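> Got a predicted structure here, sequence first:
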Amino acid sequence: MTAAICIKCGEFKLGAWTACPKCRALPRTEDERALALAMTDHYFNPETLEQMAQSIREGRPPHLDSETRERIVRELRTADKTMRKWQQQAQ
Ligand SMILES: [Zn+2]
C-alpha cells in the first residue's frame, strides 16, 4: 500500500485517501485529493515526503506547482471515471 502524508497534520499514513489515524482528516474536495495523492511515495521519495511532513507540522502546508497539480488532477479524473465504469458494470 502507498505511504502517504496527512495533508492537515503531517502524520504518516497508508493510502492517499484514507482517514488520518491522528487527526481523522479525510481528503474530500478535488484539491485536497490531488494534494493527498501528490504527497505519497508514488510521486516523491521518502526524504522529500519527510520534508513536506515537517513543513505541515510547522503550519506551512505544501504548495503544488500548477504543472504537477494539473497532472495529478488529470490522473484523479481518469481514476474516477474508471471507478464509475466498474461500479456500473457491477450493478
Ligand atoms: Zn492528520
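Yep, that arrived. Keep in mind the model is a prediction, meaning the values are calculated, not measured. Numbering: from 1, shown residues only.
> ok, now how distant is the spatially most central residue of the chain from A90?
Centroid-nearest residue in the chain: A36, 1.5 Å away (criterion: C-alpha atoms, centre = their mean). Distance of A36 to A90, given as C-beta to C-beta, to the nearest Å: 25 Å. Placement of C-beta: from N, CA and C, glycine included.
> low-confidence ranges in the protein?
Counting by pLDDT under 70, the chain has no low-confidence residues at all.
> 90 - rerun?
1, 17, 31, 42-44, 61-65, 68, 79-80, 83, 90-91 (pLDDT under 90).
> Which stretches in it count as helices?
30-38, 46-57, 66-90 (DSSP state H).
> Could you check the shortest one and say which residues are buried?
Which is helix 30-38. 33-38 (16 or more other C-beta atoms under 10 Å).
> got the contact list for stretch 30-39?
4-5, 7, 16-17, 27, 43-44, 49, 52, 62, 64, 68-69, 72-73, 75-76 (C-beta atoms under 8 Å, 6 or more residues apart in numbering).
> can you dump the C-alpha coordinates of it into PDB?
The C-alpha trace of stretch 30-39 is given here as PDB (Å, rounded to 0.1, in the frame of the first residue of the first chain):
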ATOM      1  CA  GLU A  30     -10.700  17.600  -5.700                       C
ATOM      2  CA  ASP A  31      -8.000  20.000  -4.500                       C
ATOM      3  CA  GLU A  32      -7.500  18.000  -1.200                       C
ATOM      4  CA  ARG A  33      -7.500  14.700  -3.000                       C
ATOM      5  CA  ALA A  34      -4.900  15.900  -5.600                       C
ATOM      6  CA  LEU A  35      -2.700  17.200  -2.800                       C
ATOM      7  CA  ALA A  36      -3.100  14.000  -0.800                       C
ATOM      8  CA  LEU A  37      -2.200  11.900  -3.900                       C
ATOM      9  CA  ALA A  38       0.800  14.100  -4.500                       C
ATOM     10  CA  MET A  39       2.100  13.500  -1.000                       C
END
